[in-house]
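Engineer: build me a model from this:
(one chain, ligands or ions: 1)
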Amino acid sequence: MSVSVGLNCPSCGGAIQISEGDNVINCQYCDSLLWVEGDAGVITVAYKNLQDRDGVLRATEQWWRKGLKAMDLKKKGRLMECYPIYLPFWSTTTRVAGWVCGYEERHYTDKHGNTHTERIPKEEMVLRDYQYTNIACDPGDLGIKYLRNNAGEVSFIDFESIPTFESTTSKDEAVELSKQRAMSDARDDARVPHVTFEKITVIPKRLSMIYYPVWVVRYAYGERMYMATVDGVTGNVLSGRAPGDPLYQSLAVTGGTSIGGLIGAAGLAFGIGADDPTIAIGGLVIGAVILGFTYMFFRHGSEIIDGDFDDKKLGNPLKGFKIAGTKWRFN
Ligand SMILES: [Zn+2]
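Structural biologist: Predicted coordinates for the structure are as follows:
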């Protein structure tokens, strides 16, 4: 079943009239060139790419200098590829209207030391439009799932020179996902800790497709390949992977090893002194776990990651390593 949503200009929001058979039109309000895609009748825009290769490489080099990335990246990083692509994104507006009722609990202690619980009734009206963007194809290893920017010069002129990724998710999927997110965000925004009753209506209002220019930079450092993506409109780095600096890595390893060793040794000494083998074994186990994480962290090398990367797609069997890895995230 197809979901019917109003046709609006993705650029200015104006209501669009389309005659049967039209697939390229100009918005009557802002004059943007719009394209009506396929049978689905989705209004589509593309933002013009404003970056060039030199600018993209400069942005990548600036990003290399931020945080705890390897300090010799500029010297030792070898550029392998740098090219622009168009990525498709669904852009949706979803209206949420209704009521969330319930109560909030407050605890207080009177002068006799008795604790009382007071229930404060809450009745919150919800009426808001939620806007989301969501990538409409498999982002692969690019680390991009939504748009950071939704403004720019609307033009299809670069479509001839920049490869375009086709959308692979359906309009209905995009609408359904936005409805779920809007419902959940509206509940959070209502701030009713204990809900006893709610009546929320979710209405999809607008749906459009945005083709957004993104530059992909692939580079090598040592034996390993890394990447970064740069926004083709704003010139900002959107996502990326970079090697961590060996100095910080060795500090982390030294710290982890000493703490792991100390806990192990302290557990052993205390356990023997107290004549309690469980303390000694506990200390040894905790010490060994810390040493193990330190070893995993060191073996995989620290990597600094920015962007919407899926933890599962890292192909890392050890979740604990991710915990250590997140310490190296910046921005
Ligand atoms: Zn418009």
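
Engineer: what comes up buried for the strand or helix carrying residue 85?
Structural biologist: Assessed by DSSP states H and E, residue 85 sits inside strand 78-109. Buried residues in strand 78-109, defined by neighbour count with 16 or more other Cβ atoms under 10 Å: 82, 84-96, 98, 100-103. Every C-beta, even on glycine, is put in place using the N, C-alpha and C of the backbone.

Engineer: equivalent analysis for stretch 60-70, please.
Structural biologist: Using 16+ other Cβ under 10 Å as the test for burial, stretch 60-70 gives 60, 63, 64, 67, 68, 69, 70.

Engineer: please apply the same query to stretch 142-155.
Structural biologist: 142, 143, 144, 147, 150, 152, 154.

Engineer: farthest-apart pair in these, please.
Structural biologist: Spanning the widest gap among those are 143 and 154, at 25.6 Å by Cβ to Cβ.

Engineer: filter the buried residues of strand 78-109 down to the ones near the ion?
Structural biologist: Of the residues in the buried residues of strand 78-109, proximity to the ion by Cβ under 5 Å from the ion holds for none.

Engineer: hey, where'd the strands end up in the stretch 101-250 of the chain?
Structural biologist: Here the stretch 101-250 of the chain has its strands, by DSSP state E, counting those that start in this stretch, at 115-135, 194-221, 224-231, 237-243.

Engineer: quick check: mean pLDDT across the longest one?
Structural biologist: Strand 194-221 shows a mean pLDDT of 93.

Engineer: list the buried residues in that strand.
Structural biologist: Across strand 194-221, burial judged by 16+ other Cβ under 10 Å covers 198, 202, 204-217, 219, 221.

Engineer: residue 42 versus residue 171, what's the distance?
Structural biologist: 6 Å (Cβ to Cβ, to the nearest Å).

Engineer: between these two, which one's more packed in?
Structural biologist: Taking other Cβ atoms under 10 Å, residue 171 and residue 42 do not tie; residue 171 has more neighbours (23 against 20).

Engineer: which residue ranges of this protein form helices?
Structural biologist: Ranges of helices in the chain, per DSSP state H, are 53-65, 73-76, 171-190, 246-273, 277-300, 319-326.

Engineer: hmm, who's touching the third one?
Structural biologist: Yep, that's helix 171-190 we're talking about. Residues from elsewhere that reach helix 171-190, judged by Cβ atoms under 8 Å, 6 or more residues apart in numbering: 1-3, 5, 40, 42, 90, 92, 94-96, 98, 100, 124, 126, 128, 130, 132, 134, 136, 195, 198, 200, 202, 204, 207.

Engineer: count the neighbours of residue 54 for me.
Structural biologist: 9.

Engineer: go on, residue 291?
Structural biologist: Counted by other Cβ under 10 Å, the residues lying close to residue 291 total 17.

Engineer: quick check, it in contact with residue 261.
Structural biologist: Yes. Assessed by Cβ atoms under 8 Å, residue 291 is found in contact with residue 261 at 7.2 Å.

Engineer: my guess is residue 109 contacts residue 117, does it?
Structural biologist: No. In this structure residue 109 lies outside contact range of residue 117 using Cβ under 8 Å: 10.8 Å.
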